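Asker: Sequence plus the predicted model coming up.
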Amino acid sequence: MVNQTYTADVLVVGGGTGGTAAAIQAARRGAKTILVSEFPWLGGMLTSAGVSAPDGNELEAFQTGLWGAFLQELRQRQPGGLDNSWVSFFSYNPRIGAEIFADWVQELPNLHWISGQVPIEVFRQGDSITGVRFAGFVVTAKIILDGTELGDLLALAEIAYRWGWELQSEWGEPSAPVAFNSLTERYPVQAPTYVVIMQDFGEAMSTTGVASAPEIPPAPNYNPSQFTGAWDGYGAETFLNYGRLPNGLFMMNWPICGNDYGEGVGRLIKSDVSRGEFIQESRWHSQNFAHFIQNQLGRRYGLAEKVFPHIPTAFALHPYYRESRRLVGLTTVREQDILPIAGGRVASIYEAIAVGNYANDHHYPNVQFPLQPKSIRWGGRWTGTPFTIPYSSLIPATTDGFLVCEKNISVSHIANGATRLQPVVMGIGQAAGMAAAMCVELNCQPRDLPVRALQTALLEDNRSKAAIIPLFNLPPNHSDWLHWQLYYLNNPQAYPASGDCPCPSWNHYPDSTFGKGLIRESNCFQGIFYRFDRQEYRFTVTAPAAYQGQNWQLVTLRSHIDEQLHAYPNEQLVTLWGHQNHFGNWLLVEHLNGG
């Protein structure tokens with residue numbers, strides 16, 4: 001029974017990473033916006049799904065838009081900083097991430113957030129989507145965005161979507177299979193993971209003989225052989241530090257004989273009942289993994305307390321979905337669109353509205369699936385070839401009044417392995433929210449919105465300007481940042497294969513407040529610099545005395561530091577400022593003498 005009807009300019013359904021970003025950006029642009037989420041936390045992968053050690057867009061030049069703003073807020077709010085794990089440069093308590101998104105939403109009087117609701121029906125007028133029904137209320141809006149974790153509005157609205165693999169014959173993707181096979185049948189999409197947070201309860205057992213962590217019971221169908229060898233080749237300590245969070249917490253999102261779960265993953269889109277069955281099984285699987293860890297490593301480790309806002313508090317609010325239904329849009333992002341151009345370090349650009357740079361990463365339990373490489377060495381470590389998301393991949397081929405803003409963009413199964421990452425989806429959401437608000441302003445459909453107007457709005461946003469052209473050496477605080485972004489929009493044929501624009505040396509420009517803050521909060525070290533390869537740097541500490549003799553890897557996220565490390569003489573005494581990551585055994589360099 002419908003008790004109330006709400007009317008808005010923009011309706012965003014789903015409070016995940018992309019949906020939250022879309023709603024915030026649409027409201028900041030001035031649109032009357034309603035955000036309806038299933039869960040009490042906003043942020044999806046970054047918060048309610050528990051993946052609070054995000055991947056991708058880590059380089060300073062790519063820390064822009066709402067993603068960059070989120071990182072700056074985390075730096076201010078997370079006690080002890082973000083250098084806690086070796087899988088990511090940014091790991092934090094997911095509760096703090098959820099608080100940031102809630103605060104951003106609450107400061108906007110034109111943004112109405114309703115939680116605890118899922119869409120039941122989608123209303124159409126001809127080829128246009130006009131409204132969505134929930135339990136007890138209806139929302140009508142000029143533009144409606146699907147920000148659900150699994151593309152549920154696509155199915156409800158009967159908008160064409162893809163689910164599963166495409167063959168090489170479809171688009172000529174080099175990593176796509178030539179024919180369907182046992183892998184494509186067993187895992188039509190990538191395996192989700194039900195994240196569980198574990199906690200170090202201390203060494204009470206070794207000193208008192210009393211177990212400090214409550215026992216983790218096995219769930220149904222416990223089979224320890226599924227997890228045998230999970231940390232072989234790593235060691236238990238390195239395994240735990242993979243997703244280490246502050247205050248003795250550990251994010252368990254481990255792909256090697258771990259808690260990825262893909263058995264019958266097609267059930268996620270068959271019915272509510274079958275989806276519930278899959279979710280329950282995936283949660284049991286993670287409980288069994290946690291039980292196995294405790295059984296192998298001791299009662300020092302147990303389920304975390306006071307993390308997520310439900311009981312038990314150690315389990316995320318929902319699985320981490322790596323793939324969903326995927327829109328059939330005006331343009332489809334293919335593997336070729338995310339791979340480096342011949343002889344270059346960047347992918348080609350087309351209608352760019354968001355940037356990503358992560359490697360193409362696919363998850364199928366106990367299966368190694370080979371993909372065309374897109375990784376590069378930069379800043380003393382591995383990162384990924386930058387690529388862009390085109391605006392037309394957010395727009396349905398034949399439906400109006402509608403945009404997608406999550407992992408549900410028009411993308412191939414193969415390319416989804418790179419486009420699904422949290423910072424990319426946040427950028428997609430920001431662009432979709434901006435586009436929706438501009439469509440309201442101009443009284444036009446998303447397909448008729450001039451792409452250039454959208455790009456300019458993202459670049460010039462007064463709160464969280466977003467890069468849309470990937471340039472390694474153009475951090476957002478550079479005085480020529482906007483000039484070069486616009487230049488390559490106007491002259492895409494001039495976009496450099498190196499990913500570096502010909503701007504003057506950083507030394508001619510003072511660091512911004514953001515850059516100075518990174519340096520001010522760093523520690524000063526002296527030592528001997530060693531070059532082992534073109535992009536492999538080590539450092540033996542001579543001072544301060546407390547660290548004397550320690551050997552660390554040197555890494556950086558800052559372009560001018562990358563240039564200095566690349567040119568610095570081997571076996572020279574160096575003074576530098578940075579953040580030590582004990583768990584990755586690296587020093588994140590923020591300032592180098594002479595720079």
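Answerer: Looks like it came in fine. All of these numbers come straight from a predicted model, not from anything done at the bench.

Asker: Now the helix or strand hosting His566: buried residues?
Answerer: Assigned by DSSP states H and E, His566 belongs to helix 559-567. Within helix 559-567, the residues that count as buried by 16 or more other C-beta atoms under 10 Å are Ser559, His560, Ile561, Asp562, Glu563, Gln564, Leu565. (Each C-beta comes from the backbone N, C-alpha and C, glycine too.)

Asker: Now the two most distant members of the residues you listed.
Answerer: Using C-beta to C-beta, these span at most 10.8 Å, a distance reached by Ser559 and Leu565.

Asker: returning to that earlier point: closest one of the buried residues of helix 559-567 to Val139?
Answerer: Nearest member of the buried residues of helix 559-567 to Val139, counting by C-beta to C-beta, is Ser559, at 44.3 Å.

Asker: Next, work out how far apart the closest one and Glu60 are.
Answerer: Here Ser559 is placed at a distance of 7 Å from Glu60 (C-beta to C-beta, to the nearest Å).

Asker: Next: Asn357.
Answerer: 12 Å.

Asker: circling back to that earlier point, report all helices and strands that the helix holding His566 contacts.
Answerer: strand 586-592 (3 or more C-beta pairs under 8 Å, 6 or more residues apart in numbering; DSSP states H and E).

Asker: show me what contacts Val196?
Answerer: Gly50, Met252, Asn259, Ser286, Gln287, Phe289, Ala290, Leu303, Ala314, Phe315, Ala316 (C-beta atoms under 8 Å, 6 or more residues apart in numbering).

Asker: secondary structure class for the spatially closest residue to His591 that is not a sequence neighbour?
Answerer: Distances taken as C-beta to C-beta, 6 or more residues apart in numbering put Trp577 closest to His591, at 4.1 Å, once the chain neighbours are dropped. Under the three-state scheme (DSSP: H, G, I helix; E, B strand; the rest coil), Trp577 adopts strand.

Asker: The closest residue to Ile279 other than its chain neighbours - how many residues pack around it?
Answerer: Nearest non-adjacent residue to Ile279, counting by C-beta to C-beta, 6+ apart: Pro319, 6.1 Å away. Using other C-beta atoms under 10 Å, the number of residues around Pro319 comes to 24.

Asker: do you know how far Pro319 is from Asn570?
Answerer: Counting by C-beta to C-beta - Pro319 and Asn570 are separated by 47 Å.

Asker: Likewise for Tyr364?
Answerer: From Tyr364 to Asn570 the distance is 42 Å (C-beta to C-beta).

Asker: Give me the more crowded residue out of those two.
Answerer: Tyr364 (18 against 10).

Asker: any weak-confidence spans in the chain?
Answerer: Residues of the chain meeting the criterion pLDDT under 70: 1-2, 203-211, 504-521, 594-595.

Asker: Centre-most residue in it?
Answerer: Gln422 (1.4 Å; C-alpha atoms, centre = their mean).

Asker: Next, give phi and psi for the residue nearest to that one when sequence neighbours are not counted.
Answerer: Excluding the flanking residues, the one nearest Gln422 by C-beta to C-beta, 6+ apart is Pro54, at 4.1 Å. Pro54 adopts backbone torsions of phi -70, psi 160, taken as degrees, to the nearest 10.

Asker: Quick one: distance of stretch 159-166 to the chain centre.
Answerer: 22 Å (C-alpha atoms, centre = their mean, to the nearest Å).

Asker: mind saving the C-alpha coords of that stretch as PDB?
Answerer: What follows is stretch 159-166, C-alpha atoms only, in PDB (Å, rounded to 0.1, in the frame of the first residue of the first chain):
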ATOM      1  CA  ILE A 159      16.200  -2.100 -19.500                       C
ATOM      2  CA  ALA A 160      18.600  -4.300 -21.500                       C
ATOM      3  CA  TYR A 161      21.500  -5.500 -19.500                       C
ATOM      4  CA  ARG A 162      24.300  -8.100 -19.700                       C
ATOM      5  CA  TRP A 163      25.200 -10.800 -17.200                       C
ATOM      6  CA  GLY A 164      28.100 -13.200 -17.800                       C
ATOM      7  CA  TRP A 165      30.900 -13.500 -20.300                       C
ATOM      8  CA  GLU A 166      31.300 -12.200 -23.800                       C
END
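
Asker: If you count neighbours, what's buried in that stretch?
Answerer: Judged by neighbour count using 16+ other C-beta under 10 Å, the buried positions of stretch 159-166 are Ile159, Tyr161, Arg162, Trp163, Trp165, Glu166.

Asker: The second one: what's it in contact with?
Answerer: Pointing back at Tyr161 there. Gly151, Leu154, Ala155, Arg325, Arg326, Leu327, Val328, Asn408.

Asker: so how far is Trp481 from it?
Answerer: Taken as C-beta to C-beta, the span from Tyr161 to Trp481 is 37 Å.

Asker: what's the answer for the fifth one, then?
Answerer: Shown here: Trp165 relative to Trp481, a distance of 40 Å by C-beta to C-beta.

Asker: can you pull the buried residues of stretch 86-95?
Answerer: So stretch 86-95, judged by 16+ other C-beta under 10 Å, has buried residues Trp86, Val87, Ser88, Phe89, Phe90, Ser91, Tyr92, Asn93, Pro94.

Asker: neighbours around Val138, how many?
Answerer: Val138: 17 neighbours (other C-beta under 10 Å).

Asker: could you say what helices and strands the longest helix along the chain packs with?
Answerer: Longest helix in the chain by number of residues (criterion: DSSP state H): helix 272-297. Secondary-structure packing of helix 272-297 (3+ C-beta pairs under 8 Å, 6+ apart): strand 196-200, helix 236-241, strand 249-252, strand 301-303.
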